[in-house]
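Asker: Dropping a prediction and its sequence here:
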Amino acid sequence: MRRLRLRPSTDNLLTYGLVIVAYIVIRILIASGNISSALQGQLVPITAYIVMAISLNLTVGVLGELSLGHAGFMSVGAFTGVITATLLSTFADTTSLEWLSLALGMPWLRLALAMLFGGTMAGIFGFLIGVPVLRLHGDYLAIVTLAFGEIIKNVMNVIYIGCDANGILRISAVSANDLQLSEGGKIILSGPMGAIGITKISSFTAGFILILITLFVVLNLINSRAGRAIKAVRDDKIAAESVGISTWRYRMMAFVTSATLAGAAGALYALNYSTVVARKFDFNTSILILVFVVLGGMGNIRGSIIAATVLTVLPEVLRAFNEVRMLAYAVILILVMLIRNNSTLRRLFRRNGRNGAMRKKNLLNGGKGDEA
Amino acid sequence: MNAAKEKTIMVPLPSQAIIPERDAAKKPILEVHRLGINFGGLVAVEDFNIAVGRTEICGLIGPNGAGKTTIFNLLTKVYKPTSGAILLDGKDTANMNTVQINRAGIARTFQNIRLFRSLSVEDNVKIGLHNEVRYSMGTGILRLPKFFKSERRARERAMELLDIFDMTHLASHRAGSLPYGAQRRLEFVRALATNPKVLLLDEPAAGMNPSETEELMSNIEKIRDRFQIAIVLIEHDMRLVMGICEGIAVINYGKIIAKGTPEEIQANPLVIEAYLGKKKGDEAC
Ligand SMILES: Nc1ncnc2c1ncn2[C@@H]1O[C@H](COP(=O)(O)OP(=O)(O)O)[C@@H](O)[C@H]1O
Ligand SMILES: [Mg+2]
């Protein structure tokens, strides 16, 4: 018989502590000029990827459903965020209310609202996907999210969005000229060129705060009535229904929460650059985030954070050994996989909820069709 | 067991089913009329009728593959019946799904144990309390006062229930790592946590040694007395079935071949034939 190791509350404090200490250390390094500019440029993307990994872990590790289109939600959040931020700054210029103009002049408020709207929009997309798919049993979610990621990428590639001087949005699927923007208008999204002319308002501190919010939401969700229900659905769908838990409801709850957080991360990510293209959020990115989750451990939130950080920094560090860079990356991945099977080291990368690899129980044991 | 246990007198209902006399003043908690299902031509259950009194312990026996588990799956809507009606506390359950059935008052255990294996024993029971101790997702995330109050209550209730089976010391263990007998007991506790009116136990003594079985028998009676619920159990251990069941239905090839008190069943030639006719291996399943 095995006891579960740490108490959840102790374990969570460790995770928060890790994030806060890392933030302080990096702040000190920046202040003392001990951090390379290349790495400094990576700080916001790293925080965005951490949020992506934690949120995907909610779907893959805690709910036990495979999602192959997490970058699609990031994309929705990114472009919604860029549009929101641009509209807000236009609004700040044109509004006659002085206090509103002043408030929206503050970058952090625009960023916060951009992340809020980006997250909400991604959550809505998550819900729309979930309505038909989460009722089905089997691996449909993987297939549909994969398609969703590709569709979003291709749609974003042909859409032109601009806003004219008074903040009215114009949309076209033909060309930038087709928007017929008047004097003082601004192109936000320019088809294959992506979002252009973005005002960079993201910051490392904003990313840090988003990570804390994500941790707060995800860890508190996991350790609550709803979280238990989600884990129950993962472990045994038929048993969960037999004790009166609506599987559809809790799958939806986990999936939409996961999509919403990914959307917020997307907004943070996009508002860190002057241009962002939809190709950035393709299948490769979805797989990359999945790799973070798998390496960090299913359901292990702290593992996701560490894996996302290390695997984002690693290619940069390895740049010094240019010829063998990809080889070294692959070897390190393999080593990590091997080390993770070592019980002592595994305690460090401990899984939060479950042991063993992701169980595709619906595939192996059948859904409703099997003997209950 | 109680040596001075009174023998239950069974009385006929208008529907010709029988239930314990002490329950006769009230409607049966569960009434099943002409229930049937076929799986693509294979008739697994046919013309199944029973009534279960409010505090009855009722046995469902029959050779392996007779359709007993299928009946539990029909009662809980894991399978959709192809014919017949199930009345729970007088209400038709035709439009209910598995979740609604549980909320309406039927809980069950599984022949091939289905615990939430990666979670702790305590969490397994708390999941059973899902519909009793409620608070919203937002309350949980924001850690509002109601969260702490409800969680405390859930923990108290879980410990109370675990205590019935002397399992409180196992509360923080992983459910999947428990010994077999303890896993069966935990499933029992989890089902009980949903506050059922009818508890369906699918081979609760399977894999238990004689002393564990003995303990299980007294626990089943204890729970019926304490919670005043009906218990329907599938079991191959005849000592258990004859020892605690008040009404028994015997199934063979998806059909009821006999119904009655333990004495009547033991004397029924059809039953003896069904069991003795293909004795080999049957007792073990
Ligand atoms: N989902 C299913 N599909 C097809 N046949 C099934 C299904 N479930 C049960 N059966 C069949 O129904 C019959 C009764 O099975 P079951 O109820 O498990 O018997 P038992 O009395 O041993 O519990 C068996 O012949 C079994 O093969
Ligand atoms: Mg069976």
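Answerer: Right, received. Where do you want to start? Ligands and ions are numbered 1, 2, ... in the order given.
Asker: Only C-alpha atoms from now on, for both contacts and neighbour counts.
Answerer: OK.
Asker: mind checking which helix or strand of the chain has the lowest mean pLDDT?
Answerer: Using chain A here. helix A:361-365 (a mean of 35; mean pLDDT, DSSP states H and E).
Asker: Could you pull up the mean pLDDT of stretch A:15-34?
Answerer: Over the span of stretch A:15-34, the pLDDT mean works out to 95.
Asker: Buried residues, that stretch. List them.
Answerer: Residues A:15-16, A:19-20, A:26 are the ones in stretch A:15-34 that count as buried (16 or more other C-alpha atoms under 10 Å in any protein chain shown).
Asker: wait, doesn't A:G244 sit right on B:I106?
Answerer: No - using C-alpha atoms under 8 Å, A:G244 makes no contact with B:I106, being 9.6 Å away.
Asker: What is the end-to-end distance of stretch B:171-183?
Answerer: Chord length of stretch B:171-183, first to last residue, is 12 Å (C-alpha to C-alpha, to the nearest Å).
Asker: tell me the mean pLDDT for it?
Answerer: Stretch B:171-183 shows a mean pLDDT of 94.
Asker: ok, the buried residues of stretch A:15-34 vs ligand 1, which is closest?
Answerer: Sorting those by how near they are to ligand 1, with C-alpha to the nearest ligand atom, puts A:T15 at the top with 44.6 Å.
Asker: what helix or strand is the closest one on?
Answerer: Using DSSP states H and E, A:T15 maps to helix A:8-31.
Asker: What are the contacting residues of that helix?
Answerer: The list of residues contacting helix A:8-31 from outside it, by C-alpha atoms under 8 Å, 6 or more residues apart in numbering or on different chains, reads A:35, A:40, A:208, A:212, A:215, A:219, A:223, A:301-302.
Asker: of all of the stretch 51-200 of chain A, which residue lies closest to chain B?
Answerer: Using C-alpha to the nearest C-alpha, A:V62 is the residue of the stretch 51-200 of chain A that sits closest to chain B, at 11.0 Å.
Asker: Give the helix, strand or coil label for the closest residue to that residue other than its chain neighbours.
Answerer: Of all residues beyond its chain neighbours, the one nearest A:V62 is A:G299 (5.1 Å), with distances taken as C-alpha to C-alpha, 6 or more residues apart in numbering or on different chains. When classified by DSSP: H, G, I helix; E, B strand; the rest coil, A:G299 comes out as coil.
Asker: Look up the closest residue to B:L75, ignoring the ones flanking it.
Answerer: With sequence-adjacent residues excluded and distances taken as C-alpha to C-alpha, 6+ apart, B:L75 is closest to B:I86, at 7.1 Å.
Asker: hang on, that neighbour in a strand?
Answerer: Yes - residue assignment for B:I86, taken from three-state DSSP, places it within a strand.
Asker: CA atoms only for the helix holding A:T15, dumped as PDB, please.
Answerer: Provided in PDB are the C-alpha atoms of helix A:8-31 (Å, rounded to 0.1, in the frame of the first residue of the first chain):
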ATOM      1  CA  PRO A   8      -1.600  19.100  -1.600                       C
ATOM      2  CA  SER A   9      -1.300  22.400   0.200                       C
ATOM      3  CA  THR A  10       2.400  21.800   1.000                       C
ATOM      4  CA  ASP A  11       3.100  20.800  -2.500                       C
ATOM      5  CA  ASN A  12       1.300  23.800  -3.900                       C
ATOM      6  CA  LEU A  13       3.300  26.200  -1.700                       C
ATOM      7  CA  LEU A  14       6.500  24.600  -3.100                       C
ATOM      8  CA  THR A  15       5.300  25.400  -6.600                       C
ATOM      9  CA  TYR A  16       4.400  29.000  -5.800                       C
ATOM     10  CA  GLY A  17       7.700  29.400  -4.000                       C
ATOM     11  CA  LEU A  18       9.600  28.100  -7.000                       C
ATOM     12  CA  VAL A  19       8.000  30.600  -9.300                       C
ATOM     13  CA  ILE A  20       8.400  33.600  -6.900                       C
ATOM     14  CA  VAL A  21      12.100  32.700  -6.100                       C
ATOM     15  CA  ALA A  22      12.900  32.300  -9.800                       C
ATOM     16  CA  TYR A  23      11.300  35.700 -10.500                       C
ATOM     17  CA  ILE A  24      13.300  37.500  -7.800                       C
ATOM     18  CA  VAL A  25      16.500  35.800  -8.900                       C
ATOM     19  CA  ILE A  26      16.000  36.900 -12.500                       C
ATOM     20  CA  ARG A  27      15.100  40.400 -11.400                       C
ATOM     21  CA  ILE A  28      18.300  40.600  -9.500                       C
ATOM     22  CA  LEU A  29      20.300  39.300 -12.500                       C
ATOM     23  CA  ILE A  30      18.700  41.900 -14.800                       C
ATOM     24  CA  ALA A  31      19.400  44.700 -12.300                       C
END
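Asker: Helix or strand next in line after that helix, which one?
Answerer: Using DSSP H and E, the helix or strand that follows helix A:8-31 in sequence is helix A:37-57.
Asker: ok, and for that following helix, which residues are buried?
Answerer: Residues of helix A:37-57 classed as buried by neighbour count (16+ other C-alpha under 10 Å): A:42-57.
Asker: Stretch A:264-278 now?
Answerer: For stretch A:264-278, a neighbour-count test (16+ other C-alpha under 10 Å) marks A:264-273, A:275-278 as buried.
Asker: what residues are up against residue 272?
Answerer: In the absence of a named chain, this looks at chain A. Counted by C-alpha under 8 Å, 6+ apart, A:N272 has contacts A:44, A:200-203.
Asker: actually it's chain B I care about, not the one you picked
Answerer: With contacts defined as C-alpha under 8 Å, 6+ apart, the neighbours of B:I272 are B:Q266.
Asker: what about the helices in the stretch 251-372 of chain A?
Answerer: For the stretch 251-372 of chain A, helices defined by DSSP state H, counting those that start in this stretch occupy the ranges A:283-296, A:301-318, A:325-339, A:343-348, A:361-365.
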